[in-house]
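Peer 1: The following comprises the amino acid sequence and a computationally predicted model.
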Amino acid sequence: MTRADPAVTVSALGKRFGGVVALDGITFDVRAGELFGLIGPDGAGKTTLFRLLTTVQLPDAGSATVLGLDVVKEYRAIRSRIGYMPGRFSLYADLSVEENLRFFASVFGTSLEDGQELIAPIYSQIAPFAERRAGALSGGMKQKLALCCALVHRPELLLLDEPTTGVDAVSRREFWDLLETMRADGLTIVASTPYMDEAMRCERVALIQHGRILDIADPRSIGARFHRPLLAVRSAERVRLLGALRALPHAHSVFPFGDAVHYADARADLDAAGVATELRGLLEQQGITDAEIAPIEPGIEDVFMELMLREPAEAA
């Protein structure tokens, strides 16, 4: 395998659990040295995908290779060359920080000292707590310890399943700073995240829903795929505002986003500023006189919701 080859290749990959389709024939690849993101709600299939790539489970259809190795036929060779950090904290809570690290290093036939160079930027932050039980660490420190354990054997590919869920904003930012540093040093990283600020730090993101890939794009340019006037609308009467907007004849989609409501107009050829003027008048007719309306640039969430609204065949 050379640096020009994909680190991960997935082709028509499928997985079912009884009558539930977890992955529905997905296809994508991850370039060597890339920071690749997976974005999707709970139940979209992200964790199942990670379990197949880490050879914990077998696919029912399709194929996948990791570092040029088949996930079914060459699973033993894959396991020693990847690092995996599951969504839930899965280290030994009764072992100390250092004991966890030494244990996971020994599983891969190496030592903490051999892996010290790679994990040094992270380990330096948890070293003062080396004797503390892992279960007594803060959320942010637990995630850094888990990342160290996933890296201590110096893997070529790092797989992270929502690694910062439930962690405070500062720790999340520090964690992703570390990922960017490792990516710059050549490590290939695939990470799922529910946070859009984290998604923006990926080179490409795949939007996944109901086990299907809806789109793959650079997160900084994905908004160009949204081709309708989009407005952010705010009012003190939020519930009433939602109902009024959804009842409008030209409403394409209306979703709450933070303190605003994102309104997309069905008339794709209209100027957003003109739609805003029309919208203000229509809301005033319904007694909503405090509405603040402004055209906005679509983000990842807007594109995701737009793709979810389409027919499955169109979105595939």
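Peer 2: Nice, I can see it.
Peer 1: what's the helix or strand for residue 274?
Peer 2: helix 272-285 (DSSP states H and E).
Peer 1: So which elements touch whatever helix or strand comes next after that helix?
Peer 2: Sequence-wise, the next helix or strand downstream of helix 272-285 (DSSP H and E) is strand 292-295. In terms of contacts (3 or more Cβ pairs under 8 Å, 6 or more residues apart in numbering; DSSP states H and E), strand 292-295 is packed against strand 230-234, helix 272-285. No exception for glycine: its C-beta is placed from N, CA and C like everyone else's.
Peer 1: Show residues contacting the last one.
Peer 2: Which is helix 272-285. Residues outside helix 272-285 that contact it (Cβ atoms under 8 Å, 6 or more residues apart in numbering): 229-231, 233, 235, 241, 244-245, 248, 263, 265, 267, 289, 291, 293-295.
Peer 1: average model confidence for that helix?
Peer 2: Confidence for helix 272-285, expressed as mean pLDDT, is 95.
Peer 1: and the angle for that helix with strand 230-234?
Peer 2: On the basis of axes from the mean of the first three to the mean of the last three Cα atoms, to 10 degrees, helix 272-285 is oriented at 30 degrees to strand 230-234.
Peer 1: Return the set of buried residues in helix 272-285.
Peer 2: Neighbour counts using 16 or more other Cβ atoms under 10 Å place 272, 275-276, 278-280, 282-283 of helix 272-285 among the buried residues.
Peer 1: ok, now which ones touch residue 160?
Peer 2: Residue 160 sits in contact with 84-85, 147, 150, 179, 189-192, where contact means Cβ under 8 Å, 6+ apart.
Peer 1: now, which of those residues sits nearest residue 64?
Peer 2: For these, the minimum distance to residue 64 (Cβ to Cβ) is 11.9 Å, reached by residue 190.
Peer 1: where does the closest one land in three-state SS?
Peer 2: Following DSSP: H, G, I helix; E, B strand; the rest coil, the label given to residue 190 is strand.
Peer 1: pretty sure it is touching residue 155, no?
Peer 2: No - counting by Cβ atoms under 8 Å, residue 190 stays clear of residue 155, with 11.8 Å between them.
Peer 1: Please compute how far the helix or strand harbouring residue 302 lies from its chain's middle.
Peer 2: Using DSSP H and E, residue 302 sits within helix 300-309. Mean-position distance between helix 300-309 and its chain equals 15 Å (Cα atoms, centre = their mean, to the nearest Å).
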